[in-house]
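>>> Compute the structure for the input listed below.
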Amino acid sequence: MKIMAVDYGDVRTGLAVCDRTEFLASPIGTIEERNAQMLAMKVAHMAEQYEVGEIVVGLPLNMNGSKGPRAEKCEAFAGMLNDLTEIPVNMWDERSTTVSAHNILNETNVRGKKRKAVVDTVAAVIILEGYLEYRRKNLGH
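Numbering: from 1, shown residues only. Next up, the predicted model:
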């Protein structure tokens, strides 16, 4: 099944999708939209375009596992998305994905404006890879 991951942000939101075999996670771009409702509509449209069977929204929990204001915003966004589409929307613990994305971009020497443009899609790929690994280990996919 194709799955889309969403790295929700106030300004930029990164998206990634996997192939039907759930093996390869690929970045599909960033949406720049500050209005959460408009963003939810755009993400729902992308999910339908890519014919995904599930949407996974990154949940940035605090390191101790508690929910802060950012996690609550992500849950509210996932709720909007859920209201707009028939595709199941789930949350996935994304602690440290943005840090990992920055580390990857440091290793590949991506800097400046180009870095801003891709960090969110890299984070979405990392979210999706973590979720796919969980599915393989726990669900036998």
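>>> contacts and neighbour counts: CA atoms only from here.
OK.
>>> can you count the residues close to the nearest residue to Gln37 once chain neighbours are set aside?
Spatial nearest neighbour of Gln37, chain neighbours left out: Met80 (6.9 Å); criterion: Cα to Cα, 6 or more residues apart in numbering. If you count neighbours by other Cα atoms under 10 Å, Met80 ends up with 19.
>>> Likewise for Glu54?
18.
>>> Need the phi and psi values for the closest residue to Met91 other than its chain neighbours.
In space, Met91 comes closest to Val57 once its chain neighbours are excluded; the distance is 4.9 Å by Cα to Cα, 6+ apart. Backbone torsions of Val57, given as degrees, to the nearest 10, read phi -100, psi 130.
>>> related to what we said a few turns ago, so the residue nearest to Gln37 makes contact with Ala40?
Yes - between Met80 and Ala40 there is a contact under Cα atoms under 8 Å: 6.3 Å.
>>> Just the strands from the protein, written as ranges.
3-7, 12-18, 25-32, 54-59, 89-93 (DSSP state E).
>>> Please state the offset of stretch 67-74 from the chain centre?
Using Cα atoms, centre = their mean, to the nearest Å, the mean C-alpha position of stretch 67-74 is found 15 Å from that of the whole chain.
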